[in-house]
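[1] Below is the sequence, then the predicted model.
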Amino acid sequence: MYLLQKFIISFLFNYLMKELVVGLLKKALHKKGIKLNEEEIDRLLEIPPSADMGDFAFPCFFLSEKLKDEPHQIALELREEIGTPPATDFEDIQTAGPYINFFFNRKTLAKKLVWEALTYKKNYGKTNLGKRKKIIVEFSSPNIAKPFGIGHLRSTIIGNSIANICEFLGFKVIRLNYLGDWGTQFGKLLFGYNKTPEKSHTASSGNLYKGKQKNLRKKIKGRIQKTRSRRQKSLNAVEVV
């Protein structure tokens, strides 16, 4: 549960800060005659490989052709258009070559997060991020040819938690439980069971699968081989024609 709480806090922190960064960039780009919507700017934002390079970075390479200038010069001009950022949100905004790097004020933002959590209570963190969007969460997807274990319970709890979080963020969630390894062993069993005379159905399907009725399993295997042989002959005849 600690890891899940850490994930939620980290997600909300980055989501809130990304909104601020996107807002600043949108205004600065508009002043340069570049019209990009929030989603387009969001997709362009990067997380730097090192904390020394900021929390978010905006690359200016793609603007070079439109503004007819070098990316590093465009970064400087955009930084100038951004102006002085709110000290309550950012410690600094720097340029590094063709990138604009944003540094958050974590102490102030931590206070802001706590205040919002106390104010909004059960609705804290609720957004329309997933409005008109669908998402599939697949869990616990057990292998039905093996016994259930504690691992299936763990993945079920985690999967359901993720699905609940996505619903809270506005997504239409489709919960999917994929039955893994639904393979040939079951197909063989059903095929043989249907093809074998009724009087031979003396065992439960569980016993058939475990191999306790060896004679019946041999018959099933023989019938499958005959069917394969007939099918191959048919395919050969088609190829000749």
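    Arrived safely.
[2] Report how many residues lie close to residue 176.
    By other C-beta atoms under 10 Å, the residues close to residue 176 number 12. Every C-beta, even on glycine, is put in place using the N, C-alpha and C of the backbone.
[3] Stretch 133-150: end-to-end distance?
    One end of stretch 133-150 sits 33 Å from the other (C-alpha to C-alpha, to the nearest Å).
[4] same thing with stretch 51-67?
    30 Å.
[5] Go through that stretch and flag the buried ones.
    For stretch 51-67, burial by neighbour count (16 or more other C-beta atoms under 10 Å) applies to 53-58, 60, 63, 67.
[6] Domain-wise, how is this protein divided?
    Under the assignment automatic domain parsing, the domains of the chain span 2-107, 127-176, 184-240.
[7] Distance from the second one to the middle of the chain?
    Put plainly, it is domain 127-176. With C-alpha atoms, centre = their mean, to the nearest Å as the basis, domain 127-176 stands 10 Å off its chain's centre.
[8] Let me know the average pLDDT across it.
    Mean pLDDT, domain 127-176: 86.
[9] Same question for stretch 30-50.
    Mean predicted confidence for stretch 30-50 is 92.
[10] what does it contact?
    The contact list for stretch 30-50 (C-beta atoms under 8 Å, 6 or more residues apart in numbering) reads 18, 21-22, 25-26, 29, 54-59, 62-63, 66-67, 74, 77-78, 81, 101.
[11] For residue 117, what is the enclosing helix or strand?
    Residue 117 belongs to helix 106-120 when elements are defined using DSSP states H and E.
[12] List the buried residues for that helix?
    Of the residues in helix 106-120, those buried (16+ other C-beta under 10 Å) are 109, 113.
[13] following that helix, which helix or strand shows up next?
    strand 134-138.
[14] Do a quick rundown of the helices in this structure.
    2-31, 38-44, 64-67, 71-82, 106-120, 150-168, 184-195, 205-210, 214-240 (DSSP state H).
[15] Okay, residue 176 and residue 165: tell me how far apart.
    16 Å (C-beta to C-beta, to the nearest Å).
[16] cool, and residue 153?
    Applying C-beta to C-beta, the value for residue 153 to residue 165 is 19 Å.
[17] Comparing the two, which shows the higher neighbour count?
    residue 165 (17 against 11).
[18] wait, what's in contact with residue 58?
    21, 25, 41, 44-46, 78, 99-100, 102.
[19] now with 7 Å?
    Each residue near residue 58 by C-beta atoms under 7 Å, 6 or more residues apart in numbering is listed here: 25, 44-45, 99-100.
[20] what about burial for the residues you listed, which qualify?
    25, 44-45, 99-100.
[21] JSON lines please, covering these and showing distance to residue 115.
    Shown next, in JSON lines, are these (distance: C-beta to C-beta, whole Å):
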{"residue": "25", "distance to residue 115": "26"}
{"residue": "44", "distance to residue 115": "31"}
{"residue": "45", "distance to residue 115": "26"}
{"residue": "99", "distance to residue 115": "32"}
{"residue": "100", "distance to residue 115": "29"}
